[in-house]
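1. mind folding the following:
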Amino acid sequence: MSEQYFPAGPQPRVRITRLHGDLLVSVGDDEGIRVAADALISDLYQEDDEVVISTCESDLELQVPARTALQIERCEGSVRIADLRLLQLEHVAGDLHVAALLEQLEAERIAGDVEVTCATPGELQLSSVGGDLILKGAAKLQAGQIGGDCSLSGAELQRVQLGNVGGDLNTTALDELHVANVGGDLSSEQINGALVVGNVGGDVRLGRIEGDLDLGAVGGDLSMGLHLADGRRGRTNVAGDVRLNLPEQPNLRLRALVMGKLRGVDHHHHSGGPQRLDLHYGTGAASLDLTVAGDLRIKGGGTAEAQQLNEADTLWSELGREFGELGRELGRLGRELGEELGEELASAFRSSKGKPGKREAHHRADKRAHHKEARAAKREAHRAKRARLHLRINEHEWQLDPERIERIKEQARQAAANGLAGAIDAVERAISRLRNPDAPDMPPSGPSSRTAATGQTIRIEREPPDPALEAQREQERESILHMVAEGRISPEEGDVLLEALG
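-> You can find the predicted model right below:
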């Protein structure tokens, strides 16, 4: 290994133009800069306080004073740095590990994982990270694209602004969080100020939020401790269930459209189906608007002084279901975004002959595959828990879960008890004729076309016409129409039953 030594000025700088191996930087004495490499460095010189390393074909080691500012234009391997003041990176093909950052880090494109620990509350600016991001002790973070998971911790964390996160986003307490999209889950212990997020594909868990809440769509469940200060506002649309933990004496007005069950509201009796509610706690100085495709559970808060609960009309019901489908679709797109971003960055930096680059690329691919399998298992468990059934008949689409089907049957029994003949037979016959379709035959040739993901398709079995059965079917159709007219089932539910009867 060849070594060269350069004297260090009051504000030393090191600039690396191109490095084909890994980089290791540590702090040495305050008087000089030591450069060590396995291969000969073609162009190495010092100009004023700056040491320039033009091209290095092997791994590189630097020992520099802690006050040094380091700039890397392109590195084909990984970078490991400790105890430096200022870092500026443009392209790194491997991972980036920074320990005890003293001031600031700016990075353009990092294909691998990034792990940074700050010795003092510093500031980070990252354009794109192909893998995971782990940050400890920073005060501010601004990042564009993160292909994997993002974990932020430290009591000094103040403001975080992110573009797209392909995996999960986890934070400890912070003042303010702005994110465009999160493909996986979002979790935060406490947010003192505003939370602004476009869409979250998975679950959202907020331990405590005190500022404004602007959460576009949540593909999974939402659980949060709501401590909105007077004058603060919140809104979100959730495809799964919502659990709200309220303080003992909140000043909150809660307006919601709920497709599932409602729990935690005193003196509430729900006959089934979508419902709209307007609850007032205390002075109602803060407000929260919810659209919930699943169940809503409210814990704490005492008794709502003024509450209005009523069944939602068909238009609002369809709107709530559309929000649920939107959240699930956004989750899928977010996960695909993370995978594509990681692969794109890895491909952009991968050297055709660099063994370290290939080895790290395989490692990242295996890691992404493991994360993908874990998230897929979680989604399957969530899907099994909710057990919702999507029906698509001709050009119409519905969503029925087991509870909803049982409610329709119960309404049919009540209608029969009140004198509506044939109601039970009509409903049971229609439901029994909904079954999964047979697997389609493979096309003989030609390119495959991508079909839209519209849920599970149901085929209606059509029986040959029989004059003896026509009168019975007409009576069954009339029974279902009577149930719709009496408000026992929704027009939407009536449509799917009539379609099934034929």
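2. excluding chain neighbours, give the residue nearest to Asp95 in space.
-> In space, and not counting its chain neighbours, Asp95 is closest to Gly112: 3.8 Å by CB to CB, 6 or more residues apart in numbering. The way it works is simple: take the backbone N, C-alpha and C, and place the C-beta from them, glycine included.
3. sorry, wrong one. I was asking about Leu86.
-> Leaving aside its chain neighbours, Leu86 sits nearest to Ala69 (4.0 Å; criterion: CB to CB, 6+ apart).
4. list the contacts for that neighbour?
-> Contact partners of Ala69, counting by CB atoms under 8 Å, 6 or more residues apart in numbering, are 11-14, 84-88.
5. thinking again about what came up before, so what's the residue count around the residue nearest to Asp95?
-> Counted by other CB atoms under 10 Å, the residues lying close to Gly112 total 30.
6. please, which helix or strand holds it?
-> Using DSSP states H and E, Gly112 falls within no helix or strand.
7. oh, and call the first residue 49 from now on, that's how I've got it
-> Yes, from this point I'll number from 49; that puts the last item at Gly160.
8. give the rounded mean pLDDT of the one helix or strand Leu545 maps to.
-> Assigned by DSSP H and E, Leu545 belongs to helix 539-549. Mean per-residue pLDDT for helix 539-549: 72.
9. quick check: pLDDT value at His530.
-> The score at His530 is 74. That number is its pLDDT.
10. what separates the nearest residue to it once chain neighbours are set aside from Gly273, distance-wise?
-> Leaving aside its sequence neighbours, His530 sits nearest to Leu468 (CB to CB, 6+ apart; 5.6 Å). The gap separating Leu468 from Gly273 is 47 Å, by CB to CB, to the nearest Å.
11. again, but for Gln209
-> According to CB to CB, Gln209 stands 23 Å off from Gly273.
12. again, but for Ala117
-> For Ala117, the distance to Gly273 - CB to CB - is 43 Å.
13. with Gly125 instead?
-> From Gly125 to Gly273 the distance is 44 Å (CB to CB).
14. same deal with Gly170?
-> 30 Å.
15. the two - which one has more neighbours?
-> Gly170 (23 against 19).
16. list phi and psi for that one.
-> Per-residue torsions, Gly170: phi -100, psi -170 (degrees, to the nearest 10).
17. was I right to think it contacts Gln152?
-> Yes: between Gly170 and Gln152 a contact is recorded at 5.6 Å, counting by CB atoms under 8 Å.
18. please name the nearest non-neighbouring residue to Gly57.
-> Gly57 sits nearest to Asp97 (CB to CB, 6+ apart), 3.6 Å away.
19. and the one you found, what does it touch?
-> So, once contact is read as CB under 8 Å, 6+ apart, Asp97 ends up touching 56-61.
20. name the member of those with the most neighbours.
-> The most crowded member of the contacts of Asp97, judged by other CB under 10 Å, is Pro60 (24 neighbours).
21. count of neighbours near the closest residue in space to it that isn't next to it in sequence?
-> Once flanking residues are discounted, Pro60 sits nearest to Thr116: 4.7 Å by CB to CB, 6+ apart. The number of residues packed around Thr116, counting by other CB under 10 Å, is 25.
22. please report how far Thr116 lies from Ala159.
-> Taken as CB to CB, the span from Thr116 to Ala159 is 25 Å.
23. now do Gly215
-> Look at Gly215 and Ala159: by CB to CB, they are 16 Å apart.
24. ok, Gln459 next?
-> 58 Å.
25. more neighbours, the two?
-> Comparing Gln459 with Ala159 by other CB under 10 Å, the one with more neighbours is Ala159, at 31 against 21.
26. surely Asp180 touches Val213?
-> No: judged on CB under 8 Å, Asp180 makes no contact with Val213 at a distance of 10.0 Å.
27. give me the common contacts of those two.
-> 194, 197-198.
28. which of these has the most neighbours?
-> Per-residue neighbour counts (other CB under 10 Å) across those peak at Ile194, which has 30 neighbours.
29. restrict stretch 191-208 to CA atoms and write it as CSV.
-> Output in CSV follows, covering the C-alpha atoms of stretch 191-208 (Å, rounded to 0.1, in the frame of the first residue of the first chain):
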residue,chain,number,x,y,z
ALA,A,191,-34.7,14.0,1.2
GLY,A,192,-36.2,13.2,-2.2
GLN,A,193,-36.6,9.5,-2.9
ILE,A,194,-35.9,6.7,-0.5
GLY,A,195,-36.3,3.2,-2.0
GLY,A,196,-36.3,1.2,1.3
ASP,A,197,-37.3,1.9,4.9
CYS,A,198,-36.6,5.1,6.7
SER,A,199,-35.8,5.3,10.4
LEU,A,200,-35.3,8.6,12.2
SER,A,201,-34.5,9.0,15.9
GLY,A,202,-33.0,11.4,18.4
ALA,A,203,-34.4,14.1,20.8
GLU,A,204,-33.0,16.8,18.5
LEU,A,205,-35.2,16.0,15.5
GLN,A,206,-37.2,19.1,14.5
ARG,A,207,-38.3,19.2,10.9
VAL,A,208,-38.4,16.4,8.3
